[in-house]
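Asks: This is a predicted model, with the sequence first.
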Amino acid sequence: MNGNWRVEGTYFEACTCKGACPCLVGHDPTEGSCDALVAWHIDRGHCDDQALDGLNLAMALHAPGNMTDGDWRVVVYVDQAASEAQHQALVRIFGGQAGGHPAMLAGFVGEILGVESAPMDYRIEARHQALRIGEVASASLTALEGQDGGIVRLSGHPVAISPGHDLVLARNEGVSHRGHGLDWEFSDRTASYAAFQYSAA
């Protein structure tokens, strides 16, 4: 049983691709492989009668080639502010066991290197987003400036963490991760963010 659950909020992804990320349209990463930090902030959410409002979850991942070929290696970080029940609910939802869109994403994962509870500070300030995961990971990104000072959006992309929502294209000012063999630090590469909504049905 998938249960009664729903989560919605904002997510971002920041990776090693240069320029506009070709992974979003199913093409190969610009560097041959892709290292990325993906994070979700839940504004509102529940799993059965367990509230999930205000919690965060993140994944550090390595894709050895085209993202759609799968075989991703991932480390999962669950907000330390979560209770044990909330922790288990988040792992179940984002690990794909509860169905919905996360189950499709989980199908690309070849190996889970670790699932850790960690302090997480996810900040959203206008066109800027930032995340710190304890002492192991961090990311900072700002939306690209488009026509007449607006933001640059991408819609209809086939490889979507948040289907049905436009991506705001951004530049990462710095991304780092240390642990489980996924050790990297880079800046001035591609990033994006969007609203997300996942549910069991």
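Replies: It's in.
Asks: Any stretches of this protein with poor pLDDT?
Replies: In the predicted model of the chain, residues 1-2 satisfy pLDDT under 70.
Asks: show me where this structure has helices.
Replies: Along the chain, the segments classed as helices by DSSP state H run 84-94, 101-106.
Asks: between these, which one is nearest to P22?
Replies: Relative to P22, the nearest member of the helices of the chain by Cβ to Cβ is helix 101-106, separated by 18.5 Å. No exception for glycine: its C-beta is placed from N, CA and C like everyone else's.
Asks: Go ahead and name everything in contact with that closest one.
Replies: Helix 101-106 has contacts (Cβ atoms under 8 Å, 6 or more residues apart in numbering) with I93, F94, G95, G96, Q97, I161, P163, Y198.
Asks: Phi and psi next, for the third one.
Replies: According to degrees, to the nearest 10, the main-chain angles of G95 amount to phi -80, psi -10.
Asks: quick one: the closest residue to it other than its chain neighbours and A58, what's the gap?
Replies: In space, G95 comes closest to A106 once its chain neighbours are excluded; the distance is 6.0 Å by Cβ to Cβ, 6 or more residues apart in numbering. Distance, A106 to A58, by Cβ to Cβ, to the nearest Å: 15 Å.
Asks: Of those two, which one has the most company?
Replies: Taking neighbours as other Cβ atoms under 10 Å, A106 and A58 compare with A58 leading, 27 against 15.
Asks: The more buried one: what's its closest spatial neighbour, skipping adjacent residues?
Replies: A39 (3.9 Å).
Asks: Run a quick neighbour tally on the one you found.
Replies: 24.
Asks: looking at it, it is touching A60, isn't it?
Replies: No - counting by Cβ atoms under 8 Å, A39 stays clear of A60, with 9.7 Å between them.
Asks: Now do the same contact list for the residue of the chain most remote from its centre.
Replies: Within the chain, D148 marks the point farthest from the mean C-alpha position, 28.9 Å out by Cα atoms, centre = their mean. D148 is in contact with no residue at all, counting by Cβ under 8 Å, 6+ apart.
Asks: What is the burial count for A194?
Replies: Other residues lying near A194 total 20 when counted by other Cβ under 10 Å.
Asks: Specify the beta-bridge partners of it.
Replies: For A194, the beta-bridge partners under DSSP bridges are Y11.
Asks: Over to the one 4 residues further on?
Replies: Beta-bridge partners recorded for Y198 (DSSP bridges): V7.
Asks: Touching, G164 and F196? I think so.
Replies: No - assessed by Cβ under 8 Å, G164 is found out of contact with F196, at 9.1 Å.
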